[in-house]
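could you work out the structure for the sequence below:
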Amino acid sequence: MDLFSKALARGVVWFTLIIVVVLVQTNWSYFLGVGPEITAKSDAVIHMLSSNQFFTSILAINFMLTLVAIGFYSINNSLVRLQNNYLEINGYTSYSEKSLNNFTYENYNDALIGLASTRAKHVVDLLGIAALTFIAIPAAPAIFSTYELALHGLKVSWVVSLPHLVLQNVGLLSMSKKDFNITPSEISKENLAHKSVIFVLLTSGKNIDTVKQSANSVLNWTQLVKNMYGLACHIEQWVVCEEKDYLHQTDRYRQIESQGSRIIVVPANYSTSNNTPYKARALQYTLELMKNEGLVESSTWIYHQDDETMVGEDTVLGVMDYVSAAQPDNLYAVGIILYPNSWKGTPVRAQECSRSYDDLRLIYTTKTRGLLAFGHHGSHLLVRSDVEYGIGWDFGNIKAEDWIFGLMLWQKYRPNGSVLKGFAYEKPPFTASDLLKQRRRWLVGAGQVVFRKDIKLRYRLAALYGIISWLSALPSLLAFTLSIAHPTGGLFQWSGFITGFTWFSMYKYVSNGYSLNRRYIELEGGGVGPRLHLAASIAVGMFLDSLSTWYALFSRSKGFEVIKKEE
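Numbers count the residues shown, from 1 in each chain. The predicted structure follows:
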């Protein structure tokens with residue numbers, strides 16, 4: 001059966017469910033003594049006080065939620081069965097046994113093709129859920145107490161996040177095979193011969209073993225790609241560290257150097273024109289070093305890594321594919337980051353997978369030159385060296401240097417938004433404390449973006465909306481939970497449709513993110529237990545993530561906090 005037929009069949013199922021809900025609601029109304037003459041929306045709330053319609057509304061909402069739960073359960077089980085079949089066929093068991101050999105371009109292609117194939121189902125399910133909630137949730141609010149008024153007010157958060165969720169859905173629907181698929185035979189060897197790529201990994205030295213692993217992943221996969229496909233360009237791996245840290249761990253850095261990486265030491269007395277501290281200071285020093293060595297030119301590209309940014313065969317091929325075919329207006333590219341390394345089914349680590357799906361939104365917003373963007377990658381980012389030098393990293397005392405760099409890039413060059421094929425493989429935060437600190441740094445950085453006068457107003461407004469949308473996550477979760485226990489009707493006339501759209505989009509935010517990471521991780525044990533544990537972990541993790549923005553508002557950070565990336 002082709003995708004159109006499957007989508008049509010799915011649509012018929014949803015249509016049938018909607019008809020059932022309508023009939024059930026009608027029958028309940030007659031059974032409970034509520035006649036069809038009650039049609040005026042303006043009389044709904046008053047009538048609830050003198051009839052059983054409020055009870056009818058509760059039953060309808062519960063019935064609708066039951067149908068939604070059954071639908072989600074069926075979809076999720078189908079997805080898990082398909083993924084388990086894939087793992088069994090390919091002989092995968094646990095992450096420790098898969099190691100780097102799992103980071104192949106075939107797995108990358110399969111993951112993206114698998115996600116893209118769900119687009120038709122996604123649209124049908126999204127419209128089906130939205131239609132059910134529109135029918136089941138009364139248009140008029142039922143507010144008879146201060147508690148219900150407060151609960152009703154929380155529902156406004158569902159509307160606040162709507163533009164963000166719309167972009168997530170558009171990001172999925174805009175996927176194309178041309179943008180993502182890797183075919184080694186189509187990469188031009190001739191064009192590659194004249195290109196150079198410098199992989200730049202900045203480190204504070206706190207995760208030195210992880211740095212070694214990340215640096216070696218570049219060197220190893222580069223050699224393997226050359227041996228297997230005959231594809232090669234001039235590639236260097238630079239590890240950039242501070243002088244104090246280098247002197248403290250000289251032997252460790254020399255060991256990394258002996259394996260093929262170049263160690264760049266930022267002098268302790270180095271300063272920029274704007275006295276930029278932290279990571280941006282080291283990046284600016286690295287750029288100036290490249291300039292002195294004649295590496296700032298259109299044929300040289302810079303790939304940015306964090307401590308834990310490991311690459312795979314797909315990453316190296318994706319970088320080669322991009323630089324070999326880049327046109328004059330292709331100045332930079334961003335891709336999708338996965339979080340399988342050091343993955344465990346704990347709440348903090350499990351929920352991080354959802355960020356992979358959100359990268360589709362980030363990639364899509366690059367096509368708008370950042371007009372609708374909230375955030376920007378600081379890793380798994382490829383930039384032409386002359387363009388990066390033209391912008392620089394001397395932004396002053398800031399904590400969101402990657403986001404400001406992206407905004408400056410869009411302002412100055414108006415580049416053609418491009419997709420970097422291949423995944424990058426990183427680690428999630430290990431503890432709740434690390435997650436809260438990381439998100440606090442991001443939120444503080446976002447606030448700095450809002451108040452920078454050298455950034456255009458439209459970008460600053462997008463950043464401000466992003467902060468408000470992020471802050472709305474916690475009220476949104478509270479409203480969802482409390483509304484199930486104590487329904488208060490709809491927010492306004494069409495709010496039922498928006499409610500369903502929001503709920504389903506949040507569900508796919510989690511499930512699609514996990515789907516992208518699924519080939520690289522494995523649950524411990526089989527059966528229903530581990531899956532229920534994972535679902536609970538993700539739910540708790542989402543709560544922590546939504547709590548982090550409020551934590552950032554009421555706490556202070558100490559400098560540029562670098563979280564642990566080693567056990």
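
I'd like the distance between residue 535 and residue 542.
11 Å (Cβ to Cβ, to the nearest Å). Every C-beta, even on glycine, is put in place using the N, C-alpha and C of the backbone.

more crowded one of these two?
residue 542 (20 against 15; other Cβ atoms under 10 Å).

I figured the more buried one hits residue 353, correct?
No: between residue 542 and residue 353 there is no contact under Cβ atoms under 8 Å: 11.1 Å.

need the residues touching each of the two.
Shared contacts of residue 542 and residue 353 (Cβ atoms under 8 Å, 6 or more residues apart in numbering): residue 510.

residue 492: what secondary structure?
What DSSP: H, G, I helix; E, B strand; the rest coil gives for residue 492 is coil.

over to it: give its phi and psi.
In terms of degrees, to the nearest 10, the main-chain angles of residue 492 are phi -160, psi -170.

next, count neighbours for it.
Burial measure for residue 492: 14 neighbouring residues, criterion other Cβ under 10 Å.

which residue, other than its chain neighbours, is closest to residue 336?
residue 359 (4.4 Å; Cβ to Cβ, 6 or more residues apart in numbering).

got it, and residue 119?
Closest residue to residue 119 apart from its sequence neighbours, by Cβ to Cβ, 6+ apart: residue 173 at 5.6 Å.

surely the one you found meets residue 122?
Yes: using Cβ under 8 Å, residue 173 is in contact with residue 122, at 7.5 Å.

so for the two, which residue has more residues nearby?
residue 122 (19 against 15).

hang on, that one packs against residue 175?
No: using Cβ under 8 Å, residue 122 is not in contact with residue 175; the gap is 10.7 Å.

can you tell me the closest non-neighbouring residue to residue 256?
Residue 256's closest residue in space is residue 212 (Cβ to Cβ, 6+ apart), at 5.2 Å.

tell me where the stretch 301-450 of the chain has strands.
332-338, 381-384, 419-425 (DSSP state E, counting those that start in this stretch).

switch those over to JSON lines; also include mean pLDDT.
Output for these, formatted as JSON lines (pLDDT from 0 to 100):
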{"stretch": "strand 332-338", "mean pLDDT": "94"}
{"stretch": "strand 381-384", "mean pLDDT": "96"}
{"stretch": "strand 419-425", "mean pLDDT": "95"}
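
right, and the ones you listed - which one's nearest residue 289?
Among those, the nearest to residue 289 by Cβ to Cβ is strand 381-384 (15.9 Å).

mind pulling up the pLDDT for residue 260?
In this model, residue 260 is scored at 95, pLDDT.

got it, and residue 372?
Value listed for residue 372 in the pLDDT field: 67.

sorry, back to before: tell me which element the residue nearest to residue 256 falls in.
For residue 212, the host element (DSSP states H and E) is helix 208-229.

give the other helices and strands that the next helix or strand along the chain from that helix contacts.
Sequence order places strand 234-242 as the next helix or strand after helix 208-229, per DSSP H and E. Applying 3 or more Cβ pairs under 8 Å, 6 or more residues apart in numbering; DSSP states H and E, we find strand 234-242 packed against strand 196-202, helix 208-229, helix 250-258, strand 262-266, helix 278-292.

neighbouring contacts of strand 234-242?
With contact meaning Cβ under 8 Å, 6+ apart, strand 234-242 is reached by 195-205, 211, 215, 218-219, 222, 253, 256-257, 260-266, 268, 282-283, 285-286.

can you flag the buried ones in the residues you listed?
195-205, 211, 215, 218-219, 222, 253, 256, 261, 264-266, 282-283, 285-286 (16 or more other Cβ atoms under 10 Å).

hang on, the earlier thing: I figured the residue nearest to residue 336 hits residue 335, correct?
Yes: look at residue 359 against residue 335 with Cβ under 8 Å: they come within range, at 7.4 Å.

neighbour count: these two, which is higher?
Comparing residue 359 with residue 335 by other Cβ under 10 Å, the one with more neighbours is residue 335, at 25 against 22.

how about the nearest residue to the more buried one, chain neighbours excluded?
Of all residues not flanking residue 335 in the chain, residue 420 sits nearest, at 3.5 Å (Cβ to Cβ, 6+ apart).

now do the contacts for the one you found.
Contacts of residue 420 by Cβ under 8 Å, 6+ apart are 318-319, 322, 333-335, 380-382.

distance check, it against residue 110.
Using Cβ to Cβ, residue 420 is found at 18 Å from residue 110.

and residue 251, how far from residue 230?
37 Å.

state the number of residues packed around residue 413.
Neighbour count of residue 413, defined by other Cβ under 10 Å: 16.

rewinding a little: of residue 251 and residue 230, which one has the most company?
residue 230 (11 against 6).

contact partners for the closest residue to the more buried one other than its chain neighbours?
Spatial nearest neighbour of residue 230, chain neighbours left out: residue 189 (6.4 Å); criterion: Cβ to Cβ, 6+ apart. By Cβ under 8 Å, 6+ apart, residue 189 lies in contact with 230-232.

quick one: low-confidence residue ranges for the stretch 51-200 of the chain.
Low-confidence segments of the stretch 51-200 of the chain, defined by pLDDT under 70: 51-101, 138-139.

quick one, helices of it?
Applying DSSP state H, counting those that start in this stretch to the stretch 51-200 of the chain gives helices spanning 53-90, 95-98, 105-116, 119-136, 146-154, 156-160, 162-173, 177-180, 189-192.

do you know how far the residue nearest to residue 336 is from residue 298?
27 Å.

any chance of the helices and strands packed on strand 234-242 in CSV, plus distance to residue 461?
CSV is the format used below for these (distance: least, Cβ to Cβ, whole Å):
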stretch, distance to residue 461
strand 196-202, 30
helix 208-229, 36
helix 250-258, 43
strand 262-266, 35
helix 278-292, 24
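
burial of residue 306, as a residue count?
Neighbours around residue 306, by other Cβ under 10 Å: 24.

surely it is in contact with residue 379?
Yes: between residue 306 and residue 379 there is a contact under Cβ under 8 Å: 4.4 Å.

what do the two both touch?
Counting by Cβ under 8 Å, 6+ apart, the residues touching both residue 306 and residue 379 are residue 426.

out of the strands of the stretch 301-450 of the chain, which gets nearest to residue 521?
Set against residue 521 and scored by Cβ to Cβ, the strands of the stretch 301-450 of the chain come closest in strand 332-338, at 9.0 Å.

point out where the stretch 201-350 of the chain drops to low pLDDT.
Across the stretch 201-350 of the chain, nothing is flagged by pLDDT under 70.

ok, now the stretch 401-550 of the chain?
Scanning the stretch 401-550 of the chain for pLDDT under 70 picks out the ranges 417, 522-528.
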